[in-house]
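J.: Pasting the sequence and the predicted coordinates here, then a few questions.
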Amino acid sequence: MPDPILRPAVEDDLIAILDIYNHAVLNTTAIWNSAPVDLADRQAWFLGRQQANFPILVATIEGCCVGFATFGAFRPHEGFRLTVEHSVYVAAHAQRQGLGSLLLTALEREAQAVGKHVMVACIEAQNSASIELHKKHGFRQSGYMMEVGSKFGRWLDLVIMQKQLTQA
């Protein structure tokens with residue numbers, strides 16, 4: 001595999017981000033929606049992230065976007081302003097090649113650079129690849145919620161993991 005390049009997302013990346021996102025919607029429990037979204041949805045999401053000063057990073061290989069990562073507010077209340085919840089998605093054909101790890105590392109640096117204290121990951125309990133990725137990066141499980149979602153005709157449990165980025 002050629003070396004990936006990580007960079008901030010630009011609007012031209014939205015078609016690839018849309019494809020990665022919709023694949024996860026239709027085929028996995030990584031996203032707890034069942035209907036795919038359209039380009040207008042991703043454009044609004046992109047604009048919203050920009051306006052809130054939340055990063056969207058992409059991983060590209062030979063100029064093609066094969067993954068993205070972002071973080072946003074954990075909760076809308078002022079007391080949570082130094083905590084962010086993040087997402088990392090990699091195209092199906094590019095998984096298990098270290099891209100998720102590269103994106104997560106870069107996203108952690110982005111969070112630290114803007115003074116965030118804690119990163120939170122909310123992961124479907126059977127998504128062992130994501131749970132292991134986060135463990136590898138020093139995240140620890142801080143919660144487990146049973147049957148709080150449903151998709152594909154079954155109940156979904158939620159694992160909450162977190163990592164402290166700065167000293168208290």
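T.: Thanks, I have the structure now. Quick caveat, the model's predicted, so the values are computed rather than measured.

J.: any idea which element the residue most central in space within the chain lies in?
T.: The structure's the chain has its C-alpha centroid closest to Ser87; by Cα atoms, centre = their mean the separation is 1.1 Å. Applying DSSP states H and E as the criterion places Ser87 in strand 83-90.

J.: what are the pairing partners of that strand, and which direction each?
T.: Strand 83-90 has the following strand partners under DSSP bridges: strand 64-73 (antiparallel), strand 118-124 (parallel).

J.: burial count for His23?
T.: 17 (other Cβ atoms under 10 Å). Backbone N, C-alpha and C define where each C-beta goes, glycine included.

J.: Who's the closest spatial neighbour of it, skipping the chain neighbours?
T.: Ala92 (5.8 Å; Cβ to Cβ, 6 or more residues apart in numbering).

J.: Can you point out the buried residues in the following helix or strand past the strand holding Ser87?
T.: Later in the chain than strand 83-90, the nearest helix or strand by DSSP H and E is helix 99-113. By neighbour count on 16 or more other Cβ atoms under 10 Å, the buried set for helix 99-113 is Leu99, Gly100, Leu102, Leu103, Leu104, Ala106, Leu107, Glu108, Glu110, Ala111.

J.: Please name the nearest non-neighbouring residue to Arg96.
T.: Nearest to Arg96 is Ala129, by Cβ to Cβ, 6+ apart, at 7.7 Å.

J.: mind checking which helix or strand Asp3 is in?
T.: Judged by DSSP H and E, Asp3 forms part of no helix or strand.

J.: ok, what's across the strand from the residue nearest to it when sequence neighbours are not counted?
T.: Distance criterion Cβ to Cβ, 6+ apart; nearest residue to Asp3, sequence neighbours excluded, is Ile61 at 8.0 Å. Under DSSP bridges, the beta-bridge partners of Ile61 are Cys64.

J.: And Ile61, how close does it get to Val120?
T.: 29 Å (Cβ to Cβ, to the nearest Å).

J.: what do you get for Leu82?
T.: From Leu82 to Val120 the distance is 11 Å (Cβ to Cβ).
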